[in-house]
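Asker: Sharing a sequence plus its predicted fold:
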Amino acid sequence: NAGVMQNPRHLVRRRGQEARLRCSPMKGHSHVYWYRQLPEEGLKFMVYLQKENIIDESGMPKERFSAEFPKEGPSILRIQQVVRGDSAAYFCASSSQALNTEAFFGQGTRLTVV
Amino acid sequence: DQQVKQNSPSLSVQEGRISILNCDYTNSMFDYFLWYKKYPAEGPTFLISISSIKDKNEDGRFTVFLNKSAKHLSLHIVPSQPGDSAVYFCAASAFKAGTALIFGKGTTLSVSS
């Protein structure tokens, strides 16, 4: 009965490279949320997805960032042409229904851009 | 424009005493509120939640109070234990608006023995 799995736990990328962060939700969960935590900051909402659909991407930067949650496989958060300011901890959460319920978090991916 | 605010960055409490963590929100559409606990280098862990139709929810040592008119909620931990030392995040969502969980910046609780 695995929880939310994120990989990799740590990712180092050079400026200009692409970063791919993966999130496998808990079994039976079809709702996935991505959050970013900058140093000394709270968890900032980025995007909310259901299987094959983006429900709310109001927190995601318009450029370089994209997310998907395909019918099969994990949810992917992709950051193209990374910059130093993208260095942060990225957390994924999943829930069994839309809102009004607790979401369970993974352990996060710490992205460092050098 | 912070919709969920935790105005105290830190709180220190002695073991056995009550810890009270506060949270204010601005969006009157929020109808579901949660508290999460986070240790360094780990993901947040769900603690307790409350729906806007209630004003109190209790689970063991943890109680959440909601004052809708004041747009304020609080988490009470009693008695506090050293293992409770962590960052506590308040979060809110608005089902009708389809808003995903919005988090405050967190309060670091330190419980000394």
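Answerer: Looks like it arrived, so ask away.

Asker: pretty sure residue B:100 is touching residue A:48, no?
Answerer: Yes. Counting by CB atoms under 8 Å, residue B:100 touches residue A:48, with 4.2 Å between them. Placement of C-beta: from N, CA and C, glycine included.

Asker: intersection of neighbour lists for those two?
Answerer: The contact sets of residue B:100 and residue A:48 overlap at A:33, A:55, A:56 (CB atoms under 8 Å, 6 or more residues apart in numbering or on different chains).

Asker: From chain B, how far off is the second one?
Answerer: As for residue A:55, its distance to chain B is 7 Å (criterion: CB to the nearest CB, to the nearest Å).

Asker: Pull up the residues of chain A that are close to chain B.
Answerer: A:4, A:6, A:33, A:35, A:41-45, A:48, A:55-56, A:91, A:93, A:98-108 (CB under 8 Å from any CB of the partner chain).

Asker: What subset of the residues you listed is buried?
Answerer: Applying 16 or more other CB atoms under 10 Å in any protein chain shown to these, the neighbour count classes A:4, A:6, A:33, A:35, A:42-45, A:48, A:55-56, A:91, A:93, A:99, A:101-108 as buried.

Asker: hey, what's residue B:37 bridged with?
Answerer: Going by DSSP bridges, residue B:37 is paired in beta bridges with residue B:45, residue B:88.

Asker: What count of nearby residues applies to residue A:47?
Answerer: Applying other CB atoms under 10 Å in any protein chain shown, we find 23 residues neighbouring residue A:47.
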